[in-house]
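Q: Below is the sequence, then the predicted model.
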Amino acid sequence: MNRRLFPHPWLTITLALVWVLLVNALNPGTVILGLLLGWAIPLFTLRFWPEPVPVRRPLTLLRFLAVVLTDILIANFIVATLILRGPKPLKPAFVRLPLDLKSELAISLLANTICLTPGTVSAELSPAHDHLLVHSLNTDDPDALVRTIKQRYEAPLKEVFEP
C-alpha cells in the first residue's frame, strides 16, 4: 500500500468505523463518507505526525479498546449511582500513577483513556514524564486504583506501542 496515499491505514479504518458509529446508520453513503474522511484526515494531518505510529500488536489493541469501552459503560452506571444515591460523602483522591511508558503517544493515550472513563481525570503529567497525577471521584483504596490503571490500560498500551 502506498504510504503517500494512505499514510496511516489503521487510522483510516478506525476513523471510518467511528464515523459509521457516530452516524448510527449502515448504508453505502455513510460508509463511503466514513472512508473518505478516514482517508482525508490522516492525509491532511500528515505533517503533524513526526514519525510513523508503530502498532506492534493489533489484537492487543482491539482487546484494549474492548476493555476501555466496557469500563466506560460500567463507570457511567457507577457515577450515576453515586449521584442518585443522595448526599452520602464521596471519597475523592489525587493519586500519583508511576509510568512505565516512554512513548509520548502511549502516555497521551493513557491520559486520554483515564479522562474518558467517568469518575477519573488525568490532571498533570510530571515534567520528567515519569508519573501522572490522576483524580478519582470516589475511591476507598488509591493503591488499587493505581494497580487497576496499570494493569487494564498501561500494560496493553506498552505492549502495543513500545518495543
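A: Nice, I can see it. Numbers count the residues shown, from 1 in each chain.
Q: Can you give the distance from the helix or strand bottoming out on mean pLDDT in the chain to the centre of its chain?
A: Lowest mean confidence among the helices and strands of the chain (mean pLDDT, DSSP states H and E): helix 9-23, at a mean of 88. The chain centroid and the centroid of helix 9-23 are separated by 15 Å, computed with CA atoms, centre = their mean, to the nearest Å.
Q: Export it to CSV, keeping only CA atoms.
A: Extracted in CSV, the C-alpha atoms of helix 9-23 (Å, rounded to 0.1, in the frame of the first residue of the first chain):
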residue,chain,number,x,y,z
PRO,A,9,-4.1,2.8,7.1
TRP,A,10,-5.1,1.7,10.7
LEU,A,11,-6.2,5.3,11.5
THR,A,12,-8.2,5.4,8.2
ILE,A,13,-10.1,2.2,9.2
THR,A,14,-10.6,3.5,12.7
LEU,A,15,-11.9,6.9,11.6
ALA,A,16,-14.3,5.2,9.1
LEU,A,17,-15.7,2.9,11.8
VAL,A,18,-16.1,5.8,14.3
TRP,A,19,-17.9,7.8,11.6
VAL,A,20,-20.4,4.9,11.0
LEU,A,21,-20.9,4.5,14.7
LEU,A,22,-21.5,8.3,15.2
VAL,A,23,-24.0,8.5,12.4
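Q: In the chain, where's the longest helix?
A: Assignment by DSSP state H gives helix 58-84 as the longest helix of the chain.
Q: Tally up the residues packed near P98, please.
A: Neighbours of P98 under the rule other CB atoms under 10 Å: 11. Where C-beta positions appear, they are placed from N, C-alpha and C, glycine not excepted.
Q: nearest residue to the residue most central in space within the chain other than its sequence neighbours?
A: Nearest to the mean C-alpha position of the chain, by CA atoms, centre = their mean, lies T113 at 3.4 Å. Nearest residue to T113 in three dimensions, chain neighbours excluded: Y153, at 5.2 Å (CB to CB, 6 or more residues apart in numbering).
Q: residue contacts, L84?
A: L84 makes contact with no residue, according to CB atoms under 8 Å, 6 or more residues apart in numbering.
Q: I appreciate the help and will end here.
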